[in-house]
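>>> Below: sequence and its predicted model.
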Amino acid sequence: MRIAVLAGGVPNPTSGGGALTAWSVVHALADRGHEVTVLPLVPPDDADPSGLGAGRRLEALRDAGVSVLPVPSRAGEAGAARSRSTDLFPTLVDAGAVREAVAAVDPEVVFVYHFEALAASRLVAAPRLAAVGDPPHLPALYRWRAQEKPSGPRRVRAEVAVRRRARRQRRLAVALLRECDAAGAFAAHHAAELRRAGVPGCEYLRTPIPDPIGPAWRDERERRAAAAGRPTILLVGHLSGTVTLDGLRAFAGEILPRLDAALGRDGFEVRIVGGYEGPPSLREALSHPAVLFCGHTEDAREEFLGADVLLVPNAIPLGVRVRILSGFSYACCVVSHAANELGIPEL
């Protein structure tokens, strides 16, 4: 079958959970013998947590044996047409370009990954399966709850504006999904929410990820355990993400003092792996002899295999934490906040 995969960025295995999910979908389709063409939306200033930009990611896709047809995005351009809808979903301005690109590929079906691609695909004539992640209105609400608020009437006006925008964005997201031939979400609670909101048949889609070790996982774990020193705790996620920052704040305020009390300040090692700098206040809170900010890595294999525990302490019930599934693929011991069971009920 000829399948076009339309994604809101360049699918790749190293710059975040969403990009890894899209990468895994592309490879799964190609491995099953489908004729796959990837159409990523690429803005002019595209950059991932490593700062490499889109060029190297596109080459990696081509090296993997799939056709790639990048679609330049105008979503961030100052001169792009603006309306209430494009304010909520900026990639709506790319709908014409995406329609032409998909028509040139002439697929039998289009797999549309996440809301940026969904908005851009609105004019596509071919049948569409939309598979989405976090509902777009929720991250802004959680960021609002976490940030320092203005006082008095300014706070009321700001909160009303945030909530009004979230309602409008949610309604438009539902409308976009209803226009597709089929829809699903990569988190069980979000799929259920979308069904209640009026997206009939919205399926819970299990998140696909690579299997980097295979049947040798036990031997690899036992070999590393025999050579282990002090306990190593791993936290993963780029330091601008709403969920990652929530978990790191909880770690700094609640978990790190307990580790000190139980193991001593030099009795363990914490490795925080992810791109971007993060807020100075968080780095100050995590200034500790056992805590290392490791930055972005292009290959997380050694980090996962070297960890005694993968810790996922976020309390925000948003989306599905791909880092948990990646941890399982490396046979990690995963300690997770119960909030993550909502997105991954298999936990």
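Thanks, I have the structure now. Residues are numbered from 1 along each chain as shown.

>>> Give me the buried positions along the helix or strand harbouring Ala173.
Ala173 is part of helix 153-178 when elements are defined by DSSP states H and E. For helix 153-178, the neighbour count (16 or more other CB atoms under 10 Å) marks 162, 166, 169-170, 172-174, 176-177 as buried. Every C-beta, even on glycine, is put in place using the N, C-alpha and C of the backbone.

>>> got the residues you listed as JSON lines, with distance to His337 and pLDDT columns?
Formatted as JSON lines, the buried residues of helix 153-178 follow (distance: CB to CB, whole Å; pLDDT from 0 to 100):
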{"residue": "Val162", "distance to His337": "24", "pLDDT": "87"}
{"residue": "Ala166", "distance to His337": "23", "pLDDT": "90"}
{"residue": "Gln169", "distance to His337": "26", "pLDDT": "94"}
{"residue": "Arg170", "distance to His337": "25", "pLDDT": "94"}
{"residue": "Leu172", "distance to His337": "30", "pLDDT": "96"}
{"residue": "Ala173", "distance to His337": "26", "pLDDT": "96"}
{"residue": "Val174", "distance to His337": "28", "pLDDT": "97"}
{"residue": "Leu176", "distance to His337": "31", "pLDDT": "97"}
{"residue": "Leu177", "distance to His337": "28", "pLDDT": "98"}
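
>>> for the helix holding Ala173, packing partners?
Other helices and strands packing on helix 153-178, by 3 or more CB pairs under 8 Å, 6 or more residues apart in numbering; DSSP states H and E, are helix 84-88, helix 114-120, strand 128-132, helix 138-146, helix 188-197.

>>> Point out where the stretch 51-200 of the chain drops to low pLDDT.
51-53, 78-82 (pLDDT under 70).

>>> what's the most buried one of the helices and strands packed on helix 153-178?
Among these, ranked by average contacts under mean count of other CB atoms under 10 Å, first place goes to helix 114-120 (a mean of 26).

>>> what does that helix contact?
Residues outside helix 114-120 that contact it (CB atoms under 8 Å, 6 or more residues apart in numbering): 6-9, 18, 22, 41, 71, 73, 75, 89-92, 94-95, 97-98, 112, 130-133, 135-136, 173, 176-177, 180.

>>> rerun that using 6 Å as the cut-off
Defining contact as CB atoms under 6 Å, 6 or more residues apart in numbering, one finds that helix 114-120 is touched by 6-8, 41, 89, 91-92, 94-95, 98, 112, 130, 132-133, 136, 176.

>>> swap in stretch 226-246?
Here stretch 226-246 has contacts from 49, 139, 142-143, 268-276, 278, 303, 306-311, 314, 316, 318, 323, using CB under 6 Å, 6+ apart.

>>> Show me what stretch 17-24 is in contact with.
Residues contacting stretch 17-24 (CB under 6 Å, 6+ apart): 7, 11-13, 113, 133, 207-209, 322.
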